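Asker: Have a look at this prediction, sequence included:
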Amino acid sequence: MIKIKVSEIFTSFQGEGPYIGTPATFLRLYGCNLNCPWCDTDISTYEILSVDEVFEILMTQMEFNNIRILVITGGEPTLQMEELKRLIKEIPDEIKIQIETNGSIFEYVPEIDYVISPKEDKETVFKNYYKYDNVFFKFVICSQEDIDEVIYLKDKYNYDKTIWLQGEFSKDGEMADLIRENFPHLENVKLSVQTHKYLNQR
Ligand SMILES: Nc1nc2[nH]cc(C(=O)O)c2c(=O)[nH]1
Ligand code: SF4
Ligand SMILES: [Mg+2]
């Protein structure tokens, strides 16, 4: 039987990024391959569940709440991609699946939407994924260097799709100021805010 390490399953609003505000059920998987100093996710505990059990819990929550979007997040969900692929196969077509990933492990599945937030070796992550239509980028901004890197990547790869810029939560007001100062050098960006935190939602 195929097992998945699950940190939590809950239903809320998508709090950030391109699908902000959309009701969604979240599957948070355990574990990450990176260790960002400002990581906001408690992924210390998990339950080991079978793919069938996860499917049943998700379907029950989604049917009860009338939800059409499943957000798979972590941690780093691609660490369990083989297990996830089994799960994704079971999910009915009318449900849109969106994955939140740091993109460091290249795992492309055409059926799902990616929101990629590159954390390390950002250019490699960008290069691996930027050509796909079902991929969106959300860069966490901690400093001017982070903005400079977005400008560099947009220029170098001629990327004119929207990029979401999200100030690191503990200083997102300050980062919004910084992003605004960079307007003359930025095109096709949108500010992303972690609205669920301001609203005390999960
Ligand atoms: N409401 C809500 N939206 C989210 N979007 C991405 C999240 C994440 O932790 O990856 C998240 C989360 O934890 N809560
Ligand atoms: S990649 Fe995401 S989950 Fe992993 S340590 Fe960084 S912020 Fe946390
Ligand atoms: Mg979160």
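Answerer: Yep, that arrived. Ligands and ions are numbered 1, 2, ... in the order given.

Asker: does ligand 1 sit close to the longest helix along the chain?
Answerer: Ordering each helix of the chain by length in residues (DSSP state H) puts helix 51-65 first. No. Using CB under 6 Å from any ligand atom, helix 51-65 stays clear of ligand 1, with a minimum separation of 13.6 Å. (Glycine included, C-beta is placed from N, CA and C.)

Asker: What helices and strands are in contact with that helix?
Answerer: strand 3-13, strand 23-29, helix 81-90 (3 or more CB pairs under 8 Å, 6 or more residues apart in numbering; DSSP states H and E).

Asker: For the longest one, which strands pair with it and how are they oriented?
Answerer: When you say that, I think you mean strand 3-13. Its sheet considered, strand 3-13 pairs with strand 23-29 (antiparallel), strand 47-50 (antiparallel) by DSSP bridges.

Asker: quick one: average confidence on it?
Answerer: For strand 3-13, mean pLDDT is 97.

Asker: Could you do the last one as well?
Answerer: Model confidence over helix 81-90 averages 97 on the pLDDT scale.

Asker: Buried residues, that helix. List them.
Answerer: By neighbour count on 16 or more other CB atoms under 10 Å, the buried set for helix 81-90 is M81, E83, L84, R86, L87, I88.

Asker: what's the neighbour count on the nearest residue to A24 once chain neighbours are set aside?
Answerer: Excluding its sequence neighbours, the residue lying closest to A24 (CB to CB, 6 or more residues apart in numbering) is I69, at 4.2 Å. The local packing of I69 (other CB atoms under 10 Å) involves 17 other residues.

Asker: S44 too?
Answerer: Neighbours of S44 using other CB under 10 Å come to 7.

Asker: which parts of this protein sit against ligand 2?
Answerer: So the chain meets ligand 2 at C32, L34, N35, C36, C39, T41, G74, G75, E76, N102, K119 (CB under 6 Å from any ligand atom).

Asker: Out of the residues you listed, which sit inside helices?
Answerer: Counting by DSSP H, the residues of the chain next to ligand 2 contribute nothing to helices.

Asker: tell me the least confident of those?
Answerer: Pick the lowest pLDDT in the residues of the chain next to ligand 2 and you get T41, at 87.

Asker: Double-check that one against E100; I have them as touching.
Answerer: No. Counting by CB atoms under 8 Å, T41 sits too far from E100 to count as a contact (10.1 Å).

Asker: When the two are compared, which one has more neighbours?
Answerer: Ranked by neighbour count (other CB under 10 Å), T41 and E100 place E100 first, with 21 against 13.

Asker: What residues are bridge-paired with that one?
Answerer: Under the criterion DSSP bridges, E100 forms beta bridges with V115.

Asker: Next, the contact list for it, please.
Answerer: Counting by CB atoms under 8 Å, 6 or more residues apart in numbering, E100 touches G17, V71, I72, T73, G74, P77, V115, S117.
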